[in-house]
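Chemist: sequence below, structure please.
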Amino acid sequence: MKITYIHHSAFLVELETVTLLFDYTEGSLPKINDKKPLLVFASHRHGDHYSEKILELIKEHEKIRYILSDDIPKGRLPKELLDEVVFMKPGEKICFSNSEGNLTGPISAEERADAEVLTLRSTDEGVAFLVKAEGKVIYHAGDLNNWRWEGEPDSWNDQMAKQYSGEVDKLSDMHIDAAFLPLDPRQEKAFSLGFDEFMRKTRVSHAFPMHFWGDFSVISRLKDMDISAPYRDRIVELHEDGECFEIG
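Modeler: I've put the predicted structure just below:
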């Protein structure tokens, strides 16, 4: 599995038979193999997670499917593209079959699935994605995070923490090969809360920080903290946009 960090919360994941593109809005896209199906995900409508520029990718990739959070307005999508789009609500699961190099679906639960997508409810807008394909499990949080903010009432912050825990608990003890998790410096002292809880409750082989607004230093800050001792060797340290990683 080859993973490229593109920018902000955007990642490209290349598997043997399918390519996954998450939350692309800006930055340089690497060359994408047009012989394999391409699944393009957008976790919600915020401008740093969804851009209509992804709709242009169909011009270069015939084998494309879009998996979009249902808070993204359908009316702004070209009608001729709607057959290639699946809108997902929180708590849904869809499956695809890879037939002769083409992803078909959604298919019924009784059919053999080559790719499976599940969603969780974000603590902000939209969904988080859990993708299973080729025996790999990939998680993209979108804006699902413990958004604790200075200046908000304790009751609001405590409710946020409760909602976040409730979603992460659904993945408790699950093995995840690659997880893309917010690590937002704007939260100041609370920047690591969501990341830390996720790592303690799940079994993640490779944790990729994201949503850090260009401040790569938050990654080393977390790795230097005592709380990260149980999992710091599994945090992928990013240094620049466009970095690539080959993981097993």
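
Chemist: can you map out the helices along the chain?
Modeler: 154-168, 193-201, 217-224 (DSSP state H).

Chemist: any idea which of those gets closest to E16?
Modeler: Closest approach to E16 among the helices of the chain is made by helix 193-201 (27.1 Å; Cβ to Cβ). Heads up, the C-betas are built off the backbone N, CA and C, glycines and all.

Chemist: tell me which other helices or strands that closest one touches.
Modeler: Using 3 or more Cβ pairs under 8 Å, 6 or more residues apart in numbering; DSSP states H and E, the elements in contact with helix 193-201 are helix 154-168, strand 175-182, strand 203-210.

Chemist: sheet-wise, list the partners of the second one with their directions.
Modeler: Its sheet considered, strand 175-182 pairs with strand 136-140 (parallel), strand 203-210 (parallel) by DSSP bridges.

Chemist: can you put the helices of the chain in CSV and add mean neighbour count, mean pLDDT and distance to P230?
Modeler: Shown next, in CSV, are the helices of the chain (neighbours: other Cβ atoms under 10 Å; pLDDT from 0 to 100; distance: least, Cβ to Cβ, whole Å):
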stretch, mean neighbour count, mean pLDDT, distance to P230
helix 154-168, 15, 98, 16
helix 193-201, 21, 98, 7
helix 217-224, 15, 98, 12
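
Chemist: so which of the ones you listed gets nearest D241?
Modeler: Nearest to D241, of all the helices of the chain, is helix 217-224, at 13.8 Å by Cβ to Cβ.

Chemist: so how far is that closest one off the chain centroid?
Modeler: Put simply, helix 217-224 sits 21 Å off its chain's centre (Cα atoms, centre = their mean, to the nearest Å).

Chemist: and that helix, what does it pack onto?
Modeler: Using 3+ Cβ pairs under 8 Å, 6+ apart: helix 217-224 touches strand 203-210.

Chemist: what does the strand it packs on contact?
Modeler: 3, 5, 8-9, 11, 139, 141, 173-183, 195, 198-199, 218-219, 222, 231, 234-236, 238, 245, 247 (Cβ atoms under 8 Å, 6 or more residues apart in numbering).

Chemist: so it versus helix 217-224, what angle?
Modeler: Orientation of strand 203-210 against helix 217-224 (axes from the mean of the first three to the mean of the last three Cα atoms, to 10 degrees) gives an angle of 150 degrees.

Chemist: strand 203-210 to helix 193-201, inter-axis angle?
Modeler: Using the same axes, to 10 degrees: strand 203-210 against helix 193-201 is 160 degrees.

Chemist: which residues touch I138?
Modeler: Contacts for I138 (Cβ under 8 Å, 6+ apart) come out as V13, L20, F129, L130, V131, K132, I176, D177, A178, A179.

Chemist: thought the first one was touching L20?
Modeler: Yes. Taking contacts as Cβ atoms under 8 Å, V13 lies within contact range of L20: 4.2 Å.

Chemist: partner strands of the worst-scoring helix or strand of the chain on mean pLDDT, parallel or antiparallel?
Modeler: Every helix and strand of the chain was ranked by mean pLDDT, DSSP states H and E. The lowest is strand 102-104, at a mean of 73. The pairing partners recorded for strand 102-104 under DSSP bridges are strand 93-99 (antiparallel).
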